[in-house]
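Visitor: Model the structure of this input:
(one chain, ligands or ions: 1)
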Amino acid sequence: MTSPVLETVGVRAGYGDIEILRGIDIVLPPKSIVALIGANGAGKTTLLKTISGLLPLRAGKIALNGEQIGGMMPHKVVEAGFVQSPEGKQLFPDMTIVENLMVGAHSKRARGRREETMEEVFELFPILHERAKQRAGTMSGGQQQMLAVGRALMALPRVLALDEPSLGLAPIMVSRLMDSIEKVRHRDLSILIIEQNIFQVLKMADHAYVLENGEITKQGSGSELLADPHLRSTYLGL
Ligand code: ATP
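Guide: Below you'll find the predicted structure:
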């Protein structure tokens, strides 16, 4: 088996006296799309925050390409290659698309090749090229999500984390965004995605974990979970 890009072992974290994550083990192989699904409050965002270094790791290990990143400062985690796409509202609305993309490439590793990376981002999302000089705040919700993903790609991630990228988007935009995310998979990176749009995300995920009350209660390939009767009735209403 090839070594994983990201691996968490026994990760525990929480807020104050409340323990939310109670021993999380996940693995992301190279060039994979891995989904985290589960009800509201299950702890999905908390897991991303813990990997990003925004929340203290209370126990367990987090390795990125074999390097221990658990407990590192957030900017060090980005330098190491774990980059979370900001939600639309974290873009700079008064700055142009190009300026927003530039901001994504501020890390030392990314700065040196930001022109090339921007060309690649434009190839992936032609709309960003067409609107290069437009202010980010004037774009539609779907376009802003594409910009958010593009900006994260500018940091040259090894793992791109997406927290509900389709939130608030019209169904047609969700399909387009999912298509773009699939295209990103063919680059040399892995994607860790939280998504309420469970049907869409399981169709494209290589592997998915179901989180319930801070624990992984089920895992499997996207198609296995889509066929799982419990999952179908709990999350898909089928
Ligand atoms: P959602 O889809 O609602 O974002 P989630 O699976 O991402 O769900 P989390 O956001 O990780 O869930 O939240 C897990 C639990 O942690 C919830 O019970 C939530 O109320 C609690 N929580 C989240 N943020 C904080 C905080 N800053 N302080 C205290 N508790 C928090």
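Visitor: Now do the contacts for L202.
Guide: The contact partners of L202, by C-beta atoms under 8 Å, 6 or more residues apart in numbering, come to A35, I37, A208, G222, S223, L225, L226. C-beta here means a position set from N, CA and C on the backbone, and glycine is covered the same way.
Visitor: List the buried residues of stretch 137-152.
Guide: M139, G142, Q143, Q144, Q145, M146, L147, A148, V149, G150, R151, A152 (16 or more other C-beta atoms under 10 Å).
Visitor: now the contacts of L202: which count as buried?
Guide: Of these, these count as buried by 16+ other C-beta under 10 Å: A35, I37, A208, G222, L225, L226.
Visitor: how far away is the second one from K183?
Guide: Note on I37: its distance to K183, by C-beta to C-beta, to the nearest Å, is 22 Å.
Visitor: Pull out the buried residues from the strand or helix carrying T117.
Guide: T117 belongs to helix 114-124 when elements are defined using DSSP states H and E. Of all the residues in helix 114-124, those buried under the rule 16+ other C-beta under 10 Å are R114, T117, M118, V121, F122, L124.
Visitor: Measure how the helix or strand of the chain with the lowest mean pLDDT sits relative to helix 114-124, angle-wise.
Guide: The helix or strand of the chain with the poorest confidence is helix 171-185; it has a mean of 80 (mean pLDDT, DSSP states H and E). Between the axes of helix 171-185 and helix 114-124, defined by axes from the mean of the first three to the mean of the last three C-alpha atoms, to 10 degrees, the angle is 130 degrees.
Visitor: Show me the contact partners of the helix or strand following helix 171-185.
Guide: Next along the chain after helix 171-185, taking DSSP H and E as the criterion, comes strand 190-194. For strand 190-194, the surrounding residues in contact (C-beta under 8 Å, 6+ apart) are 5-6, 26, 28-37, 44-45, 48, 158-165, 181, 184-185, 201, 205.
Visitor: List the residues that contact T45.
Guide: T45 touches D163, I194, counting by C-beta under 8 Å, 6+ apart.
Visitor: And the pLDDT for it?
Guide: pLDDT for T45: 94.
Visitor: just L192 next, same as before
Guide: 96.
Visitor: Next, count neighbours for it.
Guide: Neighbours of L192 under the rule other C-beta atoms under 10 Å: 25.
Visitor: That one pairs with what?
Guide: V34, A161 (DSSP bridges).
Visitor: all strands for the chain, in order.
Guide: Along the chain, the stretches classed as strands by DSSP state E are 6-15, 18-28, 33-37, 59-64, 67-68, 82-84, 159-163, 190-194, 207-212, 215-220.
Visitor: Can I get these in CSV including distance to S233?
Guide: Below are the strands of the chain laid out as CSV (distance: least, C-beta to C-beta, whole Å):
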stretch, distance to S233
strand 6-15, 29
strand 18-28, 24
strand 33-37, 14
strand 59-64, 32
strand 67-68, 40
strand 82-84, 31
strand 159-163, 25
strand 190-194, 21
strand 207-212, 13
strand 215-220, 13
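Visitor: Dump those strands into JSON lines; add distance to the ligand as well.
Guide: Formatted as JSON lines, these follow (distance: least, C-beta to the nearest ligand atom, whole Å):
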{"stretch": "strand 6-15", "distance to the ligand": "3"}
{"stretch": "strand 18-28", "distance to the ligand": "5"}
{"stretch": "strand 33-37", "distance to the ligand": "8"}
{"stretch": "strand 59-64", "distance to the ligand": "16"}
{"stretch": "strand 67-68", "distance to the ligand": "23"}
{"stretch": "strand 82-84", "distance to the ligand": "13"}
{"stretch": "strand 159-163", "distance to the ligand": "7"}
{"stretch": "strand 190-194", "distance to the ligand": "6"}
{"stretch": "strand 207-212", "distance to the ligand": "6"}
{"stretch": "strand 215-220", "distance to the ligand": "12"}
